[in-house]
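What follows is a predicted structure for the sequence shown.
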Amino acid sequence: MPAFPLFHLPYVTLKDTVLKTNEMALLNLALSSDKSRNHVKMFKKPINFIWLNIYEDYCLIDVQFTKKRNIYWKIHKSSKPLKGSKRKIDSFVIDNMEIKNRRHQLRDKYVIESYCDNDRIACIKIAEVMLDIFKPNQLNVYISREETDDICNFIAWDRLNQVDDLTFITYFRLTDKEFHLFKVKILPKKKLTLNFFNYENQNSIQLEFNHDNLEICSAPWFTRQDLLNTNCQNLVIDKTKLTNNDLNAYIKKWLDGADTKLESFKIEIEDPDLDKILDGIQTKNAEDVQRKQDLLNNPPSSFEILFGIRNETSLGPLITRSDNRMATIILDKKCVKFSLWNK
């Protein structure tokens, strides 16, 4: 029987066929040859997320196509994990690298264990194929393997700018060179979540964050100037060494008409004091509850639901700037929370 001429179908028919085809089948097709990959990648089938985990002894790719369909792909430096099983071992070649695989499927759950001499490069190459043919809502990169060349290659990886929602976390101390590289390479996004564990920024390199939503999980390196350089819609920064005076300067900057995108922030600082944070800033008192109540009729955003800002801020001082934008500021333990009431 002759082979089905899939790639000779009319464009519209081929697109419809690709978008309705099982994701694992598409991935296997794209891995089979460059020709197949080039045809499939024209249509970018949407999926939920791709997670890359770079551990000391192996790499892990976790892909969620849908809520019920996903891949758990573990890539080893040694062939030992592939031995001792009756399951068949297959292989494919990508950029002259042979990758051997043992596969298991339970309904829509795919488990693959692979072996390659350079597991990190294999992980990147497989992820590149995935990013060629799929359009993930989110890309997450977690790196705990401390190899200078590797982290620089990851930061310079152009695929990080292929997505609008990126999480990038390292579990070891970055150098200033790597930190600066991140600054240069990462383009503005709808959402950026990052964490550079134990980073100190000894050379005071400044970052200019221009993302719709920014979350920094641990930021002892984050300075007043970094804060003043941000231009984000929603901002979450934990474990900073910022002071009350730093927050005071940031809020005054907003009152002066800057940061027109800003709708909310949650910033953890040392020894927060609301009086010092609002020093020199005119506020309205609780007698304005009725006006606030009118604003409460607006449906809360997902950010406000997530952090509980909308409900709590009805108790906080109200500040107003010259364009009549109003915001409330409250303390929640060590966190200072700001929420814009009207746009």
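Looks like it came in fine.

helix or strand for E113, which one?
Using DSSP states H and E, E113 sits in strand 109-115.

what's next to that strand, contact-wise?
24, 69-79, 81-82, 99-105, 122 (Cβ atoms under 8 Å, 6 or more residues apart in numbering). Bear in mind the C-beta positions are built from the backbone N, C-alpha and C, glycine included.

Just the buried subset of those, please.
Buried subset of the contacts of strand 109-115 (neighbour count, 16 or more other Cβ atoms under 10 Å): 24, 69-71, 73-77, 82, 99, 101-103, 122.

Against H211, how distant is the closest residue in space to S144 that isn't next to it in sequence?
Of all residues not flanking S144 in the chain, Y171 sits nearest, at 4.0 Å (Cβ to Cβ, 6 or more residues apart in numbering). According to Cβ to Cβ, to the nearest Å, Y171 stands 22 Å off from H211.

When the two are compared, which one has more neighbours?
Remark: of Y171 and H211, H211 carries more neighbours, 23 against 15, as counted by other Cβ atoms under 10 Å.

Per-residue pLDDT of that one, please?
pLDDT, H211: 90.

Surely it forms part of a helix?
No. Counting by DSSP: H, G, I helix; E, B strand; the rest coil, H211 falls outside a helix, being coil.

tell me the contacts of it?
Applying Cβ under 8 Å, 6+ apart to H211 gives the contacts 188-192, 232.

What ranges does this structure have for its helices?
Using DSSP state H, the helices of the chain run over 11-20, 23-32, 34-40, 119-133, 148-155, 176-185, 224-229, 244-255, 274-277, 289-296, 302-307, 309-312.

Tell me which of the ones you listed is the most buried.
Neighbour counts (mean count of other Cβ atoms under 10 Å) averaged over each of the helices of the chain peak at helix 119-133, with a mean of 21.

That one vs helix 23-32, what angle?
Angle, helix 119-133 to helix 23-32, by axes from the mean of the first three to the mean of the last three Cα atoms, to 10 degrees: 110 degrees.

May I have helix 119-133 exported as PDB, CA atoms only?
Written as PDB, here are the backbone C-alpha positions of helix 119-133 (Å, rounded to 0.1, in the frame of the first residue of the first chain):
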ATOM      1  CA  ASP A 119      21.600  15.200  28.200                       C
ATOM      2  CA  ARG A 120      21.400  19.000  28.400                       C
ATOM      3  CA  ILE A 121      22.000  19.500  24.700                       C
ATOM      4  CA  ALA A 122      19.500  16.700  23.900                       C
ATOM      5  CA  CYS A 123      17.000  18.400  26.200                       C
ATOM      6  CA  ILE A 124      17.400  21.800  24.400                       C
ATOM      7  CA  LYS A 125      17.100  20.100  21.000                       C
ATOM      8  CA  ILE A 126      14.000  18.200  21.900                       C
ATOM      9  CA  ALA A 127      12.500  21.400  23.400                       C
ATOM     10  CA  GLU A 128      13.300  23.300  20.200                       C
ATOM     11  CA  VAL A 129      11.300  20.900  18.200                       C
ATOM     12  CA  MET A 130       8.400  21.200  20.600                       C
ATOM     13  CA  LEU A 131       8.600  25.000  20.400                       C
ATOM     14  CA  ASP A 132       8.700  24.800  16.600                       C
ATOM     15  CA  ILE A 133       5.500  22.800  16.300                       C
END
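
Quick one: list the elements packing against that helix.
Counting contacts by 3 or more Cβ pairs under 8 Å, 6 or more residues apart in numbering; DSSP states H and E, helix 119-133 packs against helix 23-32, helix 34-40, strand 45-54, strand 58-64, strand 70-76, strand 89-94, strand 97-106, helix 148-155.

hang on, isn't K252 packed against Q282?
No. Applying Cβ atoms under 8 Å as the test, K252 and Q282 come out as separate, 11.1 Å apart.

Report the contact partners of the nearest residue to W157 once chain neighbours are set aside.
The spatial neighbour of W157 that comes closest, neighbours along the chain excluded (Cβ to Cβ, 6+ apart), is I124 at 7.1 Å. Taking Cβ under 8 Å, 6+ apart, we find I124 in contact with 153-154, 157.

which of the residues you listed lies closest to S218?
Of all the contacts of I124, F154 has the smallest distance to S218: 19.0 Å, by Cβ to Cβ.

I figured the closest one was touching I143, is that so?
Yes. Using Cβ under 8 Å, F154 makes contact with I143 at a distance of 6.3 Å.

got any residues that touch both of those two?
Contact criterion Cβ under 8 Å, 6+ apart; residues shared by F154 and I143: I54.

thinking again about what came up before, now do the residue nearest to W157, the pLDDT please.
Predicted confidence (pLDDT) for I124: 93.

Relative to D95, how far out is it?
Look at I124 and D95: by Cβ to Cβ, they are 10 Å apart.

Great, nothing more from me.
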